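Q: Next come a sequence and a model predicted from it.
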2 protein chains.
Amino acid sequence: MVTERPGNLTLTEIARLAGVGLGTASRALNGAPGVAAATRERVLRVAQDHDYVASPEATRLRSKTHGRVAIVVPHLSRWFFGAMLEGIEGVLREAQIDVMLYHVGDLEDRRQFFERLPARRKVDAVVVVGFPVEEKERERLDLLGAHIVAAGGQQAAYPHVSIDDLTAGRQAVDHLLSLGHRRVAMIEAVDPDQPFEPSGRSQAYRDALAAAGLQVDPALVVTCDWGGEEGAAAMGQLLSRSIVPTAVYTHSDEVALGAIRTLRRAGLRVPEDVSVVGIDDHPLATLVDLTTVRQPVHEQGQTAARMVLQLLDGKTPQSVTTPTRLIVRGTTHPPAGQIDVHENAAGSGTTAP
Amino acid sequence: MVTERPGNLTLTEIARLAGVGLGTASRALNGAPGVAAATRERVLRVAQDHDYVASPEATRLRSKTHGRVAIVVPHLSRWFFGAMLEGIEGVLREAQIDVMLYHVGDLEDRRQFFERLPARRKVDAVVVVGFPVEEKERERLDLLGAHIVAAGGQQAAYPHVSIDDLTAGRQAVDHLLSLGHRRVAMIEAVDPDQPFEPSGRSQAYRDALAAAGLQVDPALVVTCDWGGEEGAAAMGQLLSRSIVPTAVYTHSDEVALGAIRTLRRAGLRVPEDVSVVGIDDHPLATLVDLTTVRQPVHEQGQTAARMVLQLLDGKTPQSVTTPTRLIVRGTTHPPAGQIDVHENAAGSGTTAP
DNA sequence: CTGTTAGCGCTTTCAC
DNA sequence: GTGAAAGCGCTAACAG
């Protein structure tokens, strides 16, 4: 419990205090073979007493490895990314690997990240969360000389884990269709801070309608930036058009919540007049009784981290697609006037404000 | 643009390629004085061409500093913590400082963190977010030999930034009181994963009632774990008691949302029958028209990071308390009938749509 | 088993 | 100005 210069003795000092050579001290501390039990014991005690820890810089300098991985995320305050981070960090921490965080909030941040590569020579692997890495960026990333894993985005280029947007979207739209809706609108969300990327969730809408023998009516589709307020505005646009939908499919729960607010403010009841479905199963979705498609985000994060571990272990991980599931709650309902269709909702009553 | 072994030449090699000595190369790259312009130019070009970056381990080994700070958070998927993280990371990144992330999700994680001190000898400072550090833990933290800053929690021990819970709570409760409410309930939230800490938000409730000349009725107070579902259950408890409140003060927006769901499911209208107020101004609050007390979380994060920068710069930062502000939206309203009290019939089947 | 000796890649005197 | 040399704290290879 002797502690003066808080825990920064050098190995050499520890060795001297324990009355052994530098090499022996090192071996003892690292559990390397070839040290007498008694000697090891003594060294360990001295180290313990002085709260000794090896200098990571020095250790890493020799060992060529960093024991660190970088996580690159475009957002930090959105639930999806937080949950992903939590999943990744959890298994990495358990493996005693340090996590470095890089936030690339907008295009400029992103450009800088790939140009400066601040993680350069600092990490053994990087996990890219929730955005597709472009060709040019991939070249830069190669310079890191680190393993790369993608989480929450389709990335043919790297081992990755994500949901199938095509399926998730189908689950949402098919649900509306099977309730009997025919005028199904879509609010498609794009991330304004990232390069445009054609979305599987949008394709799913077209596929679902086609499968049901319906035409896509451009008047029923509107695009907005990702986010609740944006979804609310988009719903406003939809309502200003000639044709009013009986159901709205949105790309995310946040957008769905915004849409619902607009609908209610316009005096429309949800779900009696208009049904709304989201994607994600955000923790607050259940609190507002939102029908949605659940994706296991935390789990995806864990899986991504395990893939990193495999990579560091010299193995080649398999990309995985995590399943999604429709969660029927109170914001979807057969269209007004429609005399009950077979499929029933599990949701309980909601209220208009 | 010559790149074979992806960006991992050593300074020695660069020096040789540039036809200069090791020392000169180092000086040139670091913008140190005493290098002929032409020479510096040449070295820079060679380095550029080979995508050279110095080995951080080697550099740090000599320089005794890490250029890294740790952020310790108890939650990652909750908006508050994500926003805080975003604020901190932003200014740190701008200062070219790397961020290491440590999640201490529950008591066990927390114990391990302080016992193992994984950030030991790896960071120049640590930012503790949203939880009070105990005496014992502080001793361990001292071992890090790093600067410490606290964000989002009252920590007399360290420079810190946070809101004043007493004030925030008062703003919420006083609002209800000023609307004319007299039967004001409180759902107080505690973090089940952290040691119990008396909350300023609870004290604010007592203070506000006292100031209004009202008694605290234990039947109107219920405690729950932090979170929406928990808030919903707590509201259920409140409704099962003899006396039904006309207004409910909750410690956070998530809890408020849960409470609202329960109220509506019980057939009570919000705000006509019962008013509800939260704290935080969660981004979704506006989408559900929740009256709340806003705290500038992102900004708190930025401030905390700037404090870190000052500390690293040898200065002594001043702790700061960020102001909060009541945001009146649609979930609060004067009590029904102000005069006539009994028309509530809780739990009956008056279910609105 | 254990002490000694090279470096890991870099920064920083110190001479020239 | 610039090169050579001395470490930063540690691990690994080498002799004892």
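A: That came through, no problem.

Q: so who does residue A:152 touch?
A: A:80, A:84, A:129, A:130, A:161, A:162, A:297, A:300 (C-beta atoms under 8 Å, 6 or more residues apart in numbering or on different chains). All C-beta atoms are positioned from the backbone trio N, CA, C, and that covers glycine.

Q: out of the residues you listed, which one sits closest to residue B:74?
A: Residue B:74 has its nearest neighbour among those in residue A:84, at 17.5 Å by C-beta to C-beta.

Q: My read is that the closest one contacts residue A:131, right?
A: No: applying C-beta atoms under 8 Å, one finds residue A:84 not in contact with residue A:131, separated by 11.7 Å.

Q: ok, the two, which is more surrounded?
A: Neighbour count, other C-beta atoms under 10 Å in any protein chain shown: between residue A:84 and residue A:131, residue A:84 has more, with 30 against 22.

Q: Doesn't the more buried one lie inside a helix?
A: Yes: when DSSP: H, G, I helix; E, B strand; the rest coil is applied, residue A:84 is found to be in a helix.

Q: Chain A against DNA strand D: which residues are in contact?
A: Proximity of chain A to DNA strand D, by C-beta under 7 Å from any atom of the strand, involves residues A:10-12, A:22-23, A:26-27, A:29-30, A:32, A:54-55, A:58-59, A:61-63.

Q: Could you tell me which of those residues are located in helices?
A: In this view, the residues of chain A next to DNA strand D that belong to helices under DSSP state H are A:11-12, A:22-23, A:26-27, A:29-30, A:58-59, A:61-63.

Q: Could you export those residues as a markdown table, including distance to residue B:212 and pLDDT?
A: Output for these, formatted as a markdown table (distance: C-beta to C-beta, whole Å; pLDDT from 0 to 100):
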| residue | distance to residue B:212 | pLDDT |
| --- | --- | --- |
| A:11 | 65 | 93 |
| A:12 | 68 | 92 |
| A:22 | 71 | 92 |
| A:23 | 74 | 90 |
| A:26 | 69 | 92 |
| A:27 | 71 | 92 |
| A:29 | 64 | 93 |
| A:30 | 66 | 90 |
| A:58 | 63 | 92 |
| A:59 | 62 | 91 |
| A:61 | 65 | 88 |
| A:62 | 68 | 85 |
| A:63 | 65 | 81 |
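
Q: any idea how far residue A:52 is from residue A:257?
A: If you measure residue A:257 against residue A:52 using C-beta to C-beta, to the nearest Å, the figure is 53 Å.

Q: Show me which of those two is the more surrounded one.
A: Just comparing residue A:257 and residue A:52: by other C-beta under 10 Å the higher neighbour count belongs to residue A:257, 29 against 21.

Q: Check which residues of the helix or strand containing that one are buried.
A: Assigned by DSSP states H and E, residue A:257 belongs to helix A:253-265. Buried positions in helix A:253-265, judged by neighbour count with 16 or more other C-beta atoms under 10 Å in any protein chain shown: A:253, A:254, A:255, A:256, A:257, A:258, A:259, A:260, A:261, A:262, A:263, A:264.

Q: before we move on, back to that, of the contacts of residue A:152, which belong to helices?
A: A:80, A:84, A:297, A:300.

Q: mind putting those residues in JSON lines, distance to residue B:286 and pLDDT included?
A: As requested, the ones in helices among the contacts of residue A:152 are exported to JSON lines (distance: C-beta to C-beta, whole Å; pLDDT from 0 to 100):
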{"residue": "A:80", "distance to residue B:286": "19", "pLDDT": "97"}
{"residue": "A:84", "distance to residue B:286": "25", "pLDDT": "98"}
{"residue": "A:297", "distance to residue B:286": "23", "pLDDT": "98"}
{"residue": "A:300", "distance to residue B:286": "29", "pLDDT": "98"}
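
Q: Just give me how far stretch A:33-53 sits from the chain centre.
A: Here stretch A:33-53 is found 43 Å from its chain centre; the criterion is C-alpha atoms, centre = their mean, to the nearest Å.

Q: Give the buried residues for it.
A: Under the neighbour-count criterion of 16+ other C-beta under 10 Å, stretch A:33-53 has A:35, A:39, A:40, A:42, A:43, A:44, A:46, A:47, A:50, A:51, A:52, A:53 buried.

Q: again, but for stretch A:268-278
A: A:268, A:269, A:270, A:271, A:273, A:274, A:275, A:276, A:277, A:278.

Q: ok, the residues you listed vs chain B, which is closest?
A: residue A:269 (6.0 Å; C-beta to the nearest C-beta).

Q: elements contacting the helix or strand bottoming out on mean pLDDT in chain A?
A: For chain A, counting by mean pLDDT, DSSP states H and E, helix A:56-63 ranks last in confidence among helices and strands (a mean of 88). Contacts defined by 3 or more C-beta pairs under 8 Å, 6 or more residues apart in numbering or on different chains; DSSP states H and E place helix A:56-63 against helix B:56-63.

Q: Please see if the helix it packs on touches DNA strand C.
A: Yes: contact of helix B:56-63 with DNA strand C (C-beta under 7 Å from any atom of the strand) involves B:58, B:59, B:61, B:62, B:63.

Q: and the helix or strand that that helix is followed by, how far from the chain's centre?
A: Using DSSP H and E, the helix or strand that follows helix B:56-63 in sequence is strand B:68-73. Centroid separation for strand B:68-73 versus its chain: 13 Å, with C-alpha atoms, centre = their mean.

Q: by contact count, what packs against strand B:68-73?
A: The contact analysis (3+ C-beta pairs under 8 Å, 6+ apart) places strand B:68-73 against helix B:79-94, strand B:98-103, strand B:125-129.

Q: ok, now with 6 Å
A: The contact analysis (3 or more C-beta pairs under 6 Å, 6 or more residues apart in numbering or on different chains; DSSP states H and E) places strand B:68-73 against strand B:98-103, strand B:125-129.

Q: deepest of these, which one?
A: Across those, the average number of neighbours (mean count of other C-beta atoms under 10 Å in any protein chain shown) peaks for strand B:125-129, which reaches a mean of 26.

Q: in the stretch 201-350 of chain A, what spans have low per-residue confidence?
A: A:338-350 (pLDDT under 70).

Q: quick one: the strands in chain A?
A: Using DSSP state E, the strands of chain A run over A:68-73, A:98-103, A:125-129, A:147-151, A:160-163, A:184-190, A:221-225, A:247-250, A:275-280, A:291-294, A:320-322, A:325-327.

Q: contacting residues around residue A:114?
A: Applying C-beta atoms under 6 Å, 6 or more residues apart in numbering or on different chains, we find residue A:114 in contact with A:137, A:140.

Q: Apologies, that question was intended for residue A:274.
A: Counted by C-beta under 6 Å, 6+ apart, residue A:274 has contacts A:263, A:268.

Q: how about a cut-off of 8 Å?
A: A:244, A:245, A:246, A:247, A:248, A:263, A:268.

Q: How about residue A:256?
A: By C-beta under 8 Å, 6+ apart, residue A:256 lies in contact with A:231, A:248, A:250, A:276, A:277, A:278, A:290, A:292, A:331.

Q: rerun at 10 Å
A: A:172, A:187, A:228, A:231, A:235, A:248-250, A:270, A:276-280, A:282, A:285, A:288, A:290-292, A:331, B:287 (C-beta atoms under 10 Å, 6 or more residues apart in numbering or on different chains).

Q: How about residue A:61?
A: A:55, B:55, B:56, B:57, B:58, B:59, B:60, B:61.

Q: Please tell me how far it sits from residue B:10.
A: Relative to residue B:10, and taking C-beta to C-beta, residue A:61 is found at 12 Å.
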